[in-house]
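Enquirer: Pasting a predicted model and its sequence here:
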Amino acid sequence: MESFDFVFPVLTGICLSAITGFRAFLPPLILGMLLRFFPEAIILKPSFAFLSQDPVLIALGVAALAEFLGDKIPVVDNILDWFELPAKLAFSAILTFALVPGAAHWFYLLVAIVFAESATFTVHTGKAGLRALSTTTTGGIANPVMSLIEDAISFIGTIVSILAPVLATIGIIYLLYRSIKYLGGTKGGNEGKIANATPSFIWFNVSQCLSRWFFRIYNGMKIYNYERVPKNMQFVTVANHASIWDGFIMGGAVRLPLFIMVKKEAFDNPIKGWYLRKVLCFPVDRSKVDATAIKHALKLLGDGYNIGLFPEGTRNRDGKISPFKSGAIKFALRKKLPILPAYIANSHLLTPPGTDLPHPARMSVHFLDVIDTKAELEAGKNEDQVLQMLYDRICDKGSEVMGYDVRDTSVEGSEEETEAVSA
């Protein structure tokens, strides 16, 4: 069989998988109905002819009806989104395997299933995110309308995917493009609906837990003097910055909710921007004094939350510590909050130049004694003196751990990318 003969079955499988991201049971039900009444419309492997049998059609019909009704009820629809994903992924794999011809053409089957599963997951998570946003912003009033639109897309999309897979592929790509533009606006995650994504402590807790165990297993990360982390009072934590993973590292090490200020460019990707907001990050424009970011930080502190800062302002990839930016701890001083200094050892080896993927470098996090800013200010120290004291303490600890002077006074801080993402 020629390679081209696999194109249409593969496209059909991927398109049906994308549609399955909207509804788990409707696509296989329609497929079974077509096999039953219009068998010439589609060619499946003989072993999948069972889809057209009465018991299977009845079971799929009942499941599709239950899904149809349950998806119209606010909150219930959100619960369904959580539990339906495994079923959708399973149906996606089954449909794709049933469509791709040949007894052992593993390459085409593997490509089809990889793309099909990705399509199912992408559409499902996008749909679930929009539904959650609707529940939050409209109290669930708009959910039934959205559900009916999804029903129509699923029904029409399934038919078109089977009869005209190329047209369906173009349509799905266009819908995804328009959805991303709608969510992200013209400038990605800094505009559009996604900019209104609300922080989630559930997302943060799951992320920081996964981060902590990932770095422990993969990098042998050790945490020293954790007892110095304040448990019953608000604080601001400050650390050196050498890797885009430092926020994840600090989130996993502190084990408490930690809002982190991140350069606004990191939010340009709408998916990444949505995720960053979910895990307690917020954007700052480094090209100017960002009054919006400052007000947001002060509001967070006023509401009793902790904030994490990387006062170098950018990553220092050689492992040294650049002088801290003036004004970096203004939030803590204005609120007279204690500052928790921390030194992250070897995170510059985690992401060598040319890659942002984590390498298996041995890392450690060292917490220092908390600085009582109120006492320091009452003792007559100004902001710059407290900032210098903070810099010296972190550098002294870094020099002790690394065995050489980690101070970098040669630059004021480069313009390399800063992506201090939170765990």
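Expert: Good, I have the coordinates. Residues are numbered from 1 along each chain as shown.

Enquirer: give the contact list for Glu383.
Expert: For Glu383, the contact set (CB atoms under 8 Å, 6 or more residues apart in numbering) comprises Ser326, Gly327, Ile329, Lys330, Leu333. Where you see a C-beta, it was placed from the backbone N, CA and C, and this is true even at glycine.

Enquirer: Could you rerun that using 7 Å?
Expert: Each residue near Glu383 by CB atoms under 7 Å, 6 or more residues apart in numbering is listed here: Lys330, Leu333.

Enquirer: Kindly report the same for the one 3 residues further on.
Expert: Shown here is Val386, whose contacts under the criterion CB under 7 Å, 6+ apart are Ile329, Leu333, Thr373, Glu376.

Enquirer: min pLDDT across those residues, which one?
Expert: The lowest pLDDT within the contacts of Val386 belongs to Ile329, with 82.

Enquirer: my guess is that one meets Met389, correct?
Expert: No - assessed by CB atoms under 7 Å, Ile329 is found out of contact with Met389, at 10.3 Å.

Enquirer: And those two? Which one has more around it.
Expert: Neighbours were tallied for Ile329 and for Met389 using other CB atoms under 10 Å; the higher tally belongs to Ile329 (23 against 15).

Enquirer: List just the nearest of the contacts of Val386 to Pro230.
Expert: Using CB to CB, Thr373 comes nearest to Pro230 of the contacts of Val386, at 12.8 Å.

Enquirer: quick revisit: if any of the contacts of Val386 are buried, put those into a ChimeraX selection.
Expert: With 16 or more other CB atoms under 10 Å as the burial test, the buried ones among the contacts of Val386 are selected in ChimeraX as follows:
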select :329,333,373,376
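
Enquirer: okay if I get the contacts of Val386 as CSV plus distance to Gly398?
Expert: Below are the contacts of Val386 laid out as CSV (distance: CB to CB, whole Å):
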residue, distance to Gly398
Ile329, 18
Leu333, 23
Thr373, 22
Glu376, 21
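
Enquirer: Sketch out the strands for the stretch 101-250 of the chain, chain order is fine.
Expert: 222-224, 236-239 (DSSP state E, counting those that start in this stretch).

Enquirer: quick one: which of these is nearest Gly157?
Expert: In terms of CB to CB, the element of these nearest to Gly157 is strand 236-239, at 48.2 Å.

Enquirer: can you list the residues that contact the closest one?
Expert: Taking CB under 7 Å, 6+ apart as the rule, strand 236-239 contacts 246, 250, 254, 258, 306-311, 329, 331-332, 337, 339-344, 390.

Enquirer: taking the residues you listed one by one, which sit in helices?
Expert: Within those, residues falling in helices by DSSP state H are Asp246, Met250, Val254, Phe331, Ala332, Leu390.
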